[in-house]
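*Asks:* Whatever this is, show me its structure:
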Amino acid sequence: MGPILLAFALAALAWMLVVGDLVRRHRPAWHWYLVGYPATACRLMATWRKVAMLNDLAVSRRPPRGLLGDLVVKGDPLRPVAPRISFPRATPMGLTLVVRLHAGQTPATYMKAADALVHAWKVHAVRVTSPERGLVLLTATATDPLERPGLATAHVELLSALIGALESGGAWVMNLRLVPHWLITGATRSGKSTLLARLITQLATQPVALVGIDCKGGMELGLFAGRLSALATCRREAVAVLSALVVDMQDRMSACRSAGARSIWELPDTLRPVPVVVIVDEIAELYLSDGTREGKAEAEQCSTLLLRLAQLGAALGIHLVVAGQRVGSDLGPGVTALRAQLGGRVCHRVNDPGTAEMTLGDLNKDAVAVAQSITAEERGVAVCTGPDGGWSRARSHLTPTEEAVSTARKYAAMAPELPALDRALAALEGDDK
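*Replies:* So this is what the prediction gives:
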C-alpha cells in the first residue's frame, strides 16, 4: 500500500499545483486571498521587529534606575522597542496595516524605509500615508496591478472619459466637470499620444465640441480632423482660434449674466451653449519664439489667451487639455501661471526632472519621485491626480491609431459647428492669399 499511497499523494500534489497555477492566472484575487495573503501576513509579523530596528523605526527606552541607599542601581541595558502595529488586513490587491508612531516620530521616516519593507515582505510596492496624527497607514501591493490592467468599467457622464485603470484596480476617469483643466506631460513613446487618442475617442461620442491645436503641422491631432470642430496647425492659426474662443467665452458670460446664472449649467437646455474641449498638443511650440518680433508677439498672445481661458472657462463650458514633452519655467513666466490653473495633472516618463517637478511638484513631492521612477518599458504608465487632490499611479488603455481614427470618422457628423472659429480661420486664409 505504501507505493500506491505515495503515487496518490504525488498525483494529488501535481493536481493542486496545476489548479493553483490556473487560479493564479485567471483568478489572481482568489489566489491572493488563499495563498499570497496568509504567507505575506505571516512574513510581515515575523520580520516587523527586525525591520523596524534596521531602518530606525524602533526607539530605545531609557533603562529603569533605582536607589539602594546611596548606590545607583541600573536596570537592563537599552532595548529597542518597535512601534505597535495592527494585524494586516487583506485587500484585493495586497494588504494594509496601521502603525502607531512613537512620540517624536514622523511619517517621513517610514517613507524612507518603504523600499526596505518591499524587500522584507516580498511585495511589489509599499505606499505610506498618514490618515491622522500619530498613525501611519502602510499599503502593500502584492504585484504590479498596472502590468496587465483589465478593462475597468465605470459610469461615464457628459465631459468625462474612461482613460484606463488605477493602481488600486479601479477605473481611471477624467471628469472635466469635476476637474475642468488638465496638464499632461510625457517623453516620446511614453504613452502621452495614446492617452490623447483615448480621450478623443471617449469624447467623440458625446455632444461636445473638440478643438485641436497642434503646431507640429497637425501630425498628431490631424488624424481626428473629421470629429474636430476646428484645428490649428501653426502658431498663427492658434492665435486666431484662441482669440475666437475668448470672444465666444465673453458671449457666454453675457448670456449667463442676462439669465442670472453663474455658469452655463444653470441655463435652460435650449439656451445652453455646447461645451468646448480645447486639446493642445506640444505646448512648447506655442511659447518658444524664433527671435523675430512677430514670433515674440504671437508667443505672448498665446500665453495670454490660454491663461484667460483657463481662468474663466470652467464655468462657461470651455475646458483645456494641455500636453507636452517638456514643460518648464524656461518657456516663460506664462507657463508657470498657466500651470497654476490646470488642476488636473498627468505625468508619464519624462526626459528631465524639471518637467516632472513642474507637473507635480506644487502638489506632492512624493508623486514627483514616483513619476521619475517610471521606466521606458512602462508605456502608458503615469502618475495622475484625482478630484480629491490625491495622486495615484495609473495606466491608460491602449487605443490603436486605426481604432481611434475610425471612431473619429464614425462620429464626424456629431462635430458641432463653431462659426466664430470658422470665420477666424477663413479670415486668416484670406490674408495669406
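*Asks:* Surely residue 278 is in contact with residue 318?
*Replies:* Yes - at 6.9 Å, residue 278 and residue 318 qualify as touching, with contact defined as C-beta atoms under 8 Å. The C-beta positions use only the backbone N, C-alpha and C, and glycine is treated the same way.
*Asks:* any common contacting residues for those two?
*Replies:* By the contact definition C-beta atoms under 8 Å, 6 or more residues apart in numbering, residue 278 and residue 318 are jointly contacted by 245, 309.
*Asks:* Can you pull out the low-pLDDT segments for the stretch 101-250 of the chain?
*Replies:* 148-155 (pLDDT under 70).
*Asks:* 90 instead, please
*Replies:* Within the stretch 101-250 of the chain, the stretches with pLDDT under 90 are 102-115, 124-134, 139-157, 164-171, 188-189, 191, 215-220.
*Asks:* for it, what spans make up the strands?
*Replies:* 125-129, 135-141, 160-166, 171-175, 182-185, 209-214, 230-232 (DSSP state E, counting those that start in this stretch).
*Asks:* so which of the ones you listed comes closest to residue 100?
*Replies:* With C-beta to C-beta as the criterion, residue 100 lies closest to strand 135-141 of the strands of the stretch 101-250 of the chain, at 6.2 Å.
*Asks:* Run through the neighbouring helices and strands of the closest one.
*Replies:* Contacts defined by 3 or more C-beta pairs under 8 Å, 6 or more residues apart in numbering; DSSP states H and E place strand 135-141 against strand 94-100, helix 107-112, helix 114-121, strand 125-129.
*Asks:* Residue 208 is in contact with residue 274, correct?
*Replies:* Yes - using C-beta under 8 Å, residue 274 is in contact with residue 208, at 6.6 Å.
*Asks:* list residues touching both of these two?
*Replies:* residue 416.
*Asks:* And the strands in the stretch 251-400 of the chain?
*Replies:* 276-281, 318-324, 344-347, 381-385, 391-396.
*Asks:* which residues sit in contact with the nearest residue to residue 311 once chain neighbours are set aside?
*Replies:* Leaving aside its chain neighbours, residue 311 sits nearest to residue 341 (5.9 Å; criterion: C-beta to C-beta, 6 or more residues apart in numbering). Neighbouring residues of residue 341 by C-beta under 8 Å, 6+ apart: 181, 307, 310, 311.
*Asks:* can I get the strands of the stretch 101-250 of the chain in TSV with distance to residue 30 and mean neighbour count?
*Replies:* Shown next, in TSV, are those (distance: least, C-beta to C-beta, whole Å; neighbours: other C-beta atoms under 10 Å):
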stretch	distance to residue 30	mean neighbour count
strand 125-129	21	19
strand 135-141	17	20
strand 160-166	19	23
strand 171-175	21	21
strand 182-185	36	26
strand 209-214	42	26
strand 230-232	49	24
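*Asks:* Go through the strands of the stretch 251-400 of the chain and find the least confident stretch.
*Replies:* Mean pLDDT values for those show the minimum at strand 391-396, a mean of 88.
*Asks:* Before I go, just wanted to say thanks for your time.
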